[in-house]
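>>> predicted model and sequence follow; I will ask about them next.
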Amino acid sequence: MRIAVVEDDDGLGEALVDALTEVGHTPVRMRRGADALLGYHEMDVVLLDLGLPDMDGLEVLRKLRTLSSVPVVVLTARDDERSVVRALRGGADDYVVKPARLGELHARLEVAAHRRSAASEPMADRLTLGDVVVDLSGRAVEVDGRAVEVDGRAVALTTKEFDLLAHLVTRRGEAVSREQLMDAIWGDAYVAISRTLDVHMTALRSKLARPGAIVTIRGFGYRWDT
C-alpha cells in the first residue's frame with residue numbers, strides 16, 4: 001500500500017517510514033496538514049498525527065472527509081476520550097495512541113484499508129437516470145434516446161463538463177460539496193477558482209436541458225436528483 005505518513009517529528013516520521021518499508025509498503029512522508037490535503041490522491045491510506053505545525057490534525061481530517069473516503073488512521077499522543085471521540089466521529093477509521101507497537105499499527109492500517117475497499121461496490125459503465133443515459137467508459141451522454149442537442153444540433157460535452165456530470169451521477173442522490181468537485185475535477189479544492197466551477201456547471205445544465213436534474217444546495221454544493 002501507498003501510505004501517507006503525516007508526522008512533523010522527523011525522528012518518529014523516519015522510523016515509521018523505515019518500519020512500513022520493511023513490511024512491503026510504500027510510505028510517503030508528509031510534515032504538514034496542507035501536504036496531506038494536496039497529496040492524498042495517490043494514497044491507499046493516511047496515517048495522521050494530530051499535532052501538526054500548520055493546522056490541527058482534526059481540521060485536516062474534517063477537510064479530507066469533504067473530499068475523499070481514503071482510509072485514515074490517527075496516530076497521536078492525545079489519549080483523552082474527547083479527542084478519540086471527535087476523531088472517530090469526524091471520519092477516522094481508527095485511533096492509535098503513541099507510542100504504538102509496530103505490529104499492531106501495521107495490522108490496523110491493513111484492516112482500515114481492507115474495510116474501505118470491501119465497502120466500495122463496482123460501478124456500472126453505463127448509467128440510466130430517467131431519460132438521461134451516461135456511458136462512463138465511452139464518455140458519451142444521451143438524453144431521451146439522442147445525443148445531447150442544443151437548438152436541434154448535437155453538441156459534445158467538454159472534458160470538464162463530462163467529468164462534472166460523471167462525478168455527480170455516480171453519487172446519485174448524494175450531496176457533493178463544491179470543494180469535492182473542484183478537487184476531483186481540477187485537482188485542488190483549495191486553489192481552484194470557484195467561478196470556474198460555476199461557469200462549467202451552467203454550461204452543463206444548459207446542454208442537458210433537464211431542469212431539476214442537478215440541484216444546487218446553497219452554501220454547500222450540488223446533487224444529481226433524477
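That came through, no problem.
>>> where's the residue nearest the centre of the chain relative to Val45, distance?
The centroid of the chain falls nearest to Ser68 when counting by C-alpha atoms, centre = their mean (1.8 Å). Ser68 is 11 Å from Val45, where distance means C-beta to C-beta, to the nearest Å. No exception for glycine: its C-beta is placed from N, CA and C like everyone else's.
>>> related to what we said a few turns ago, burial count for the closest residue to the residue nearest to the centre of the chain other than its chain neighbours?
Spatial nearest neighbour of Ser68, chain neighbours left out: Tyr40 (6.1 Å); criterion: C-beta to C-beta, 6 or more residues apart in numbering. Neighbours of Tyr40 under the rule other C-beta atoms under 10 Å: 21.
>>> looks like Tyr40 contacts Leu48 (just checking).
No: judged on C-beta atoms under 8 Å, Tyr40 makes no contact with Leu48 at a distance of 10.0 Å.
>>> list the contacts of the residue lying closest to Asp135 once chain neighbours are set aside.
In this structure, Asp135 finds its nearest non-sequential neighbour in Arg126, 5.2 Å apart by C-beta to C-beta, 6+ apart. Residues in contact with Arg126 (C-beta atoms under 8 Å, 6 or more residues apart in numbering) are Val133, Val134, Asp135, Leu136, Ser137.
>>> on that earlier part again, between Tyr40 and Leu48, what contacts are shared?
Shared contacts of Tyr40 and Leu48 (C-beta under 8 Å, 6+ apart): Ala4.
>>> show me the helices in the protein, by range?
Counting by DSSP state H, the chain has these helices, from start to end: 10-22, 33-39, 57-65, 81-89, 102-119, 159-169, 178-186, 194-208.
>>> tell me the buried residues in the fourth one?
Of the residues in helix 81-89, those buried under the neighbour-count criterion (16 or more other C-beta atoms under 10 Å) are Ser83, Val84, Arg86, Ala87.
>>> okay, the second one: pLDDT?
Right, the one you point to is Val84. Looking at Val84, its pLDDT reads 93.
>>> just the last one next, same as before
Reported pLDDT at Ala87 in the predicted model: 92.
>>> check Ile193 too.
Here, the pLDDT recorded for Ile193 equals 58.
>>> quick one: low-confidence ranges for the chain?
Along the chain, the model assigns pLDDT under 70 to residues 116-124, 145-155, 188-194.
>>> about what we covered before: export the contacts of Arg126 to TSV and tack on neighbour count and distance to Val169?
TSV is the format used below for the contacts of Arg126 (neighbours: other C-beta atoms under 10 Å; distance: C-beta to C-beta, whole Å):
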residue	neighbour count	distance to Val169
Val133	15	10
Val134	23	5
Asp135	13	11
Leu136	16	8
Ser137	8	13
